[in-house]
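**Q** any chance you could fold what I've pasted below:
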Amino acid sequence: MEAIRKDYNYIYGPVPSWRLGSSLGIDPVSRREKICTFDCLYCQLGRTRVFNDKRQVFVPTKELIEEVARLPSIKIDYITFSGRGEPTLAKNLGDMIESIRKIRKEKIAVITNSSLIERKDVQDDLRFADLVMLKLDASSERIFRDINKPMKGITLDEVLKGIKGFKSGYKGRLALQIMFTKENKDDTGDLAGIARAIEPDEVQINTPLRPCAVSPLSRKELDIIKEYFKGMDITCVYDAKGKEVTSISRADTLKRRGKI
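**A** Numbers count the residues shown, from 1 in each chain. Next up is the predicted model:
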C-alpha cells in the first residue's frame, strides 16, 4: 500500500540506502543553496557556492520534532542526518538527536565529511548517534585537496587527528566511507593502512553511481580495491542490494539526496 505523501521542510524519503536499508533523511541545514566545508569532485548536489565552517542553528529543534511527530506509520531502518550540506554545521545537532530519541525507536545515523570532527563540540554531538559515517578519501594532503577541495584552514592532518580522537571515546558504530574515483584509486594501499590504524567497525567502499561530475570505477576495479581491506568488515556499493522503499515526502525534498 502506498504511503500518504505530505509536505515536509526538513524530512525526506525514506530512501533506499545501500548501507542503511530504508533511511529517513533529516536535513539539519535545509537551505536552497548547499552549505559545506568541501567542494568534492563527486558531490551529487553540484558545486559548493556557499562555504562555511561556523556552526549555527539553521533549523529550530522544535520545528524538526513537530515534523517527525507527524510521520505516518512506515517501516524505517535508520533516521539519517545528511541533506543539503555538512550536517555537523548544525549547532543543535546533538539536541535534535536526543529529541528524536524521545519519540522514535529507530537507530540514528549521521553522515559527515569529517571536516569538523576535531572540534570537541562536534564530537560531543556525534556521540548521541548510533552510527557515525566518516568520510576519508585521501591519504595525502595533495589528493585531499584534489578530491575534496576543502575550504581554507581545513587540513587532512586535522581530519585524521579528529577521527582518531573521536574513535577513542565513541561507544556507537563507526564507519569509514571512502569514495573511490580515478583520482585516488592508486592511493588505495595507503588508505587501507590508515583504515587499519583507525580500526573502524566498518569500511564502506563506494564509487559515484549517482549523476555527478566524475565517472564511477567499474565493479572489477572495486573488487581489486576490496582486496586491500581484506580482514576488515567491508561493505561495497556494487555488492549491496537495495530495498523497495516508498517515499512519504514531496519529490523536491528528494533533491536533497541528489536523485529523484
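**Q** quick one, what contacts Lys241?
**A** Going by CB atoms under 8 Å, 6 or more residues apart in numbering, Lys241 touches Trp18. C-betas here are computed from N, CA, C, even on glycine.
**Q** and it, which of the three is it?
**A** Classification of Lys241 by DSSP: H, G, I helix; E, B strand; the rest coil places it in coil.
**Q** where along this protein do the strands fall?
**A** Taking DSSP state E, the strands of the chain run over residues 11-17, 21-26, 35-36, 50-51, 78-81, 107-112, 131-135, 173-179, 202-206, 234-236.
**Q** who touches the first one?
**A** To tie it back to what came earlier, the one meant is strand 11-17. Strand 11-17 has contacts (CB under 8 Å, 6+ apart) with 22-27, 64, 67-68, 71, 74-76, 78, 80, 83, 242-249, 253-254, 256-257.
**Q** to Pro87, which of the strands of the chain lies closest?
**A** Closest of the strands of the chain to Pro87 is strand 78-81, at 4.4 Å (criterion: CB to CB).
**Q** contacting residues around that closest one?
**A** Here strand 78-81 makes contact (CB under 8 Å, 6+ apart) with 17, 20-26, 28, 68, 87, 90, 93, 96-97, 100, 104, 106-111, 129, 131.
**Q** okay, now the sheet partners of that strand, with direction.
**A** Sheet pairing of strand 78-81 (DSSP bridges) gives strand 21-26 (parallel), strand 107-112 (parallel).
**Q** contacts for the last one, please.
**A** Outside of strand 107-112, the residues that reach it under the criterion CB under 8 Å, 6+ apart are 20, 23, 77-82, 86-88, 93, 97, 100-101, 126, 128-135, 177.
**Q** may I see the buried residues of the biggest helix by length in the chain?
**A** Longest helix in the chain, counting residues (DSSP state H): helix 156-169. Buried residues in helix 156-169, counted by 16 or more other CB atoms under 10 Å: 156, 158-160, 162-163, 166-167.
**Q** between those, which sits nearest Arg49?
**A** Val159 (22.6 Å).
**Q** hmm, that closest one is touching Val122, no?
**A** No. Contact status for Val159 versus Val122: not in contact, 11.8 Å apart, counting by CB atoms under 8 Å.
**Q** can you pull out the helices in the stretch 51-200 of the chain?
**A** Here the stretch 51-200 of the chain has its helices, by DSSP state H, counting those that start in this stretch, at 61-69, 93-101, 120-126, 141-147, 156-169, 188-198.
**Q** mind giving me the packing neighbours of the fourth one?
**A** Secondary-structure packing of helix 141-147 (3 or more CB pairs under 8 Å, 6 or more residues apart in numbering; DSSP states H and E): helix 156-169.
**Q** the second one now?
**A** Identification of packing neighbours for helix 93-101 by 3+ CB pairs under 8 Å, 6+ apart yields helix 61-69, strand 78-81, strand 107-112, helix 120-126.
**Q** just the buried positions in the longest one, please.
**A** What it means is helix 61-69. Within helix 61-69, the residues that qualify as buried are 61, 64-65, 67-68, counting by 16+ other CB under 10 Å.
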